[in-house]
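> Have a look at this prediction, sequence included:
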Amino acid sequence: MATKVLTKEKETEKVVATEKKVETKTKKETPKVKITGSQKFWYIFFCIITFSILYWVVQAKIKKANQQPFSTSAEPTSDTTKQLKRTEKVPFSIEELIEALGTKENILTVDASLSSLKVGVKEKEKVDQEKIKKLGAKGIMISGLKVSMVFGDISIAAKEALEKKLGF
């Protein structure tokens with residue numbers, strides 16, 4: 001009789017174990033929503049309409065941003081053209097600048113931007129910063145073998161005059 005009791009307990013344990021497995025499977029499954037053909041059509045239709053409206057709104061904003069609200073003519077104003085002009089006449093002697101940079105033999109390269117003149121030199125010790133300041137430089141920076149001098153809008157004219165004098 002003892003054997004019958006053991007088998008019944010094992011059977012009940014198996015039943016409980018199978019019930020637990022069934023319960024866990026049902027909890028993990030999520031219900032899927034099925035969309036019919038006509039619902040798909042309307043969903044796609046409204047997406048297209050929404051994106052087309054968004055496209056036209058963005059295009060209108062871009063057009064509005066690109067317009068010039070304060071200008072009535074397409075020609076540049078006289079203030080704009082005055083700002084872009086540069087001075088052609090150098091107010092100091094180019095020979096004095098060459099002397100301040102340490103003679104012709106010390107100058108390797110000459111370059112200029114809208115506001116500064118950059119000169120490559122062989123020996124930076126020969127450069128006389130005080131003379132360059134007296135010539136009208138607003139600032140001087142020596143970095144390695146490059147001397148940068150801020151002359152303002154005459155920098156390009158000074159570069160051209162230096163190149164002509166040095167024969168570059």
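Received it, and whenever you're ready, just let me know what you need.
> Strands along the protein, start to end?
Counting by DSSP state E, the chain has these strands, from start to end: 107-112, 116-121, 139-143, 146-150.
> most residues in a single helix of the chain, which one?
Longest helix of the chain, by residue count under DSSP state H: helix 37-66.
> Give me the distance from that helix to the chain's centre.
The chain centre lies 30 Å from the centre of helix 37-66; the measure is C-alpha atoms, centre = their mean, to the nearest Å.
> and what of stretch 106-120?
Relative to its parent chain, stretch 106-120 has a centroid offset of 28 Å by C-alpha atoms, centre = their mean.
> Run through this structure and note the low-pLDDT ranges.
Screening the chain residue by residue with the criterion pLDDT under 70, one finds the ranges 1-29, 68-86.
> Show me it divided up by domain.
Structural domains of the chain, as assigned by automatic domain parsing, span the residue ranges 35-67, 94-166.
> Nearest to residue 87, out of those domains?
Ranking those by distance to residue 87, with C-beta to C-beta as the measure, places domain 94-166 first at 4.7 Å. (Each C-beta comes from the backbone N, C-alpha and C, glycine too.)
> Next, the distance between the ends of the closest one.
According to C-alpha to C-alpha, to the nearest Å, domain 94-166 extends 10 Å from its N-terminal end residue to its C-terminal end residue.
> In JSON lines, list the domains of the chain along with distance to residue 88 and mean neighbour count.
Converted to JSON lines, the domains of the chain look like this (distance: least, C-beta to C-beta, whole Å; neighbours: other C-beta atoms under 10 Å):
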{"stretch": "domain 35-67", "distance to residue 88": "36", "mean neighbour count": "10"}
{"stretch": "domain 94-166", "distance to residue 88": "5", "mean neighbour count": "16"}
